[in-house]
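Participant: this one's sequence-less:
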């Protein structure tokens, strides 16, 4: 939130006024504290942002496979570094 607020050149007070909320809401959002959904939506709307809801649940098989491929690539690099250190 803070990054977007600053990118729009807004102070906390100005964003609160634009969202028709009290300044405390902006402080709470930027500190990642609890706020009401209506406050979150009002502030994101004031920044020209949208909140998107996605289904929660287990990852797809493709997502799992991609994650394991990424892990293997990272592991290979670590193994190469260890091998280089042993050779020295």
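Facilitator: Happy to help now that I have it. Quantities reported herein were computed from a predicted structural model and do not represent experimental measurements.

Participant: Show me what the one helix or strand residue 28 maps to is packed up against.
Facilitator: According to DSSP states H and E, residue 28 maps onto helix 23-30. If you count contacts as 3 or more CB pairs under 8 Å, 6 or more residues apart in numbering; DSSP states H and E, helix 23-30 packs onto helix 2-7, helix 12-19, helix 37-46. Using the backbone N, CA and C atoms, a C-beta is placed for each residue, glycine as well.

Participant: buried set for the last one?
Facilitator: Neighbour-count burial for helix 37-46, counted by 16 or more other CB atoms under 10 Å, picks out 39-40, 42-44, 46.

Participant: what's it packed up against?
Facilitator: In terms of contact count using 3+ CB pairs under 8 Å, 6+ apart, helix 37-46 is assigned the packing partners helix 12-19, helix 23-30.

Participant: one step back: and the helix holding residue 28, what's its mean pLDDT?
Facilitator: For helix 23-30, the per-residue pLDDT values average out at 96.

Participant: Check which residues of that helix are buried.
Facilitator: Result for helix 23-30 [16+ other CB under 10 Å]: buried residues 25-26, 28-29.

Participant: Columns distance to residue 70 on top of the helices and strands packed on helix 37-46, output as a markdown table?
Facilitator: Supplementary listing: these in a markdown table, determined by distance: least, CB to CB, whole Å:
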| stretch | distance to residue 70 |
| --- | --- |
| helix 12-19 | 37 |
| helix 23-30 | 31 |
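
Participant: Show me what the helix holding residue 28 is in contact with.
Facilitator: Outside of helix 23-30, the residues within contact range by CB atoms under 8 Å, 6 or more residues apart in numbering are 1-2, 5, 12-13, 15-16, 19, 34-35, 39-40, 43.

Participant: what do you get for stretch 46-60?
Facilitator: Contacts made with stretch 46-60 from outside it, assessed by CB under 8 Å, 6+ apart, are listed as 1, 4-5, 8, 15, 18-19, 40-41, 44, 67.

Participant: Could I get the buried residues of helix 37-46 in CSV, plus columns for pLDDT and distance to residue 59?
Facilitator: Formatted as CSV, the entries for the buried residues of helix 37-46 read as follows, by pLDDT from 0 to 100; distance: CB to CB, whole Å:
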residue, pLDDT, distance to residue 59
39, 96, 31
40, 95, 26
42, 97, 32
43, 97, 30
44, 96, 26
46, 96, 33
